[in-house]
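**Student:** got a sequence here, can you build the structure:
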Amino acid sequence: MTQKEIEKMNCLLELKYNVFHADLITRAIQDENISVEEFEGGCITIDAAEFINEGEFVPSGWEGV
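**Tutor:** The predicted structure follows:
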């Protein structure tokens with residue numbers, strides 16, 4: 001992804017998630033070590049964490065992102 005595409009993705013994600021999670025998701029999209037299934041599961045758990053106000057929750061397997 002180009003820097004401009006990354007910034008656009010972050011803008012979109014910040015409409016739904018806090019800045020920490022938007023940035024984490026953007027970095028996970030670019031991380032070749034995270035499978036599509038791990039990405040989907042991580043996004044689901046981030047969504048749940050946002051619902052209960054866990055602002056800096058990091059899904060299992062995403063620690064190095």
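
**Student:** any idea how far the top helix by length along the chain is from the chain center?
**Tutor:** Longest helix in the chain by number of residues, with DSSP state H as the criterion: helix 36-51. For helix 36-51, the distance from its own C-alpha centre to the chain's C-alpha centre is 8 Å (Cα atoms, centre = their mean, to the nearest Å).

**Student:** got the CA coordinates for it in CSV?
**Tutor:** What follows is helix 36-51, C-alpha atoms only, in CSV (Å, rounded to 0.1, in the frame of the first residue of the first chain):
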residue,chain,number,x,y,z
VAL,A,36,-6.9,-13.6,6.7
GLU,A,37,-8.5,-15.8,9.3
GLU,A,38,-6.4,-14.3,12.1
PHE,A,39,-7.2,-10.8,10.8
GLU,A,40,-10.9,-11.5,10.8
GLY,A,41,-10.8,-12.9,14.3
GLY,A,42,-8.7,-10.0,15.5
CYS,A,43,-11.1,-7.5,14.1
ILE,A,44,-14.0,-9.2,15.7
THR,A,45,-12.3,-9.1,19.1
ILE,A,46,-11.3,-5.5,18.7
ASP,A,47,-14.9,-4.7,17.9
ALA,A,48,-16.0,-6.4,21.1
ALA,A,49,-13.2,-4.6,23.1
GLU,A,50,-14.3,-1.2,21.8
PHE,A,51,-17.9,-2.1,22.9
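
**Student:** which parts of it are buried?
**Tutor:** Neighbour-count burial for helix 36-51, counted by 16 or more other Cβ atoms under 10 Å, picks out 38-39, 41-43, 45-46, 49-50. The way it works is simple: take the backbone N, C-alpha and C, and place the C-beta from them, glycine included.

**Student:** tell me which element the residue most central in space within the chain falls in.
**Tutor:** What sits nearest the mean C-alpha location of the chain, by Cα atoms, centre = their mean, is Ile25, with 1.6 Å. Element membership of Ile25, judged by DSSP states H and E, is helix 19-30.

**Student:** quick one: mean pLDDT over that helix.
**Tutor:** In this model, helix 19-30 has a mean pLDDT of 96.

**Student:** who touches it?
**Tutor:** Contact with helix 19-30 is made by 1, 6, 9-10, 13-14, 16-17, 34, 39, 42-43, 46, 49-50, 55-58, 62, 65, as judged by Cβ atoms under 8 Å, 6 or more residues apart in numbering.
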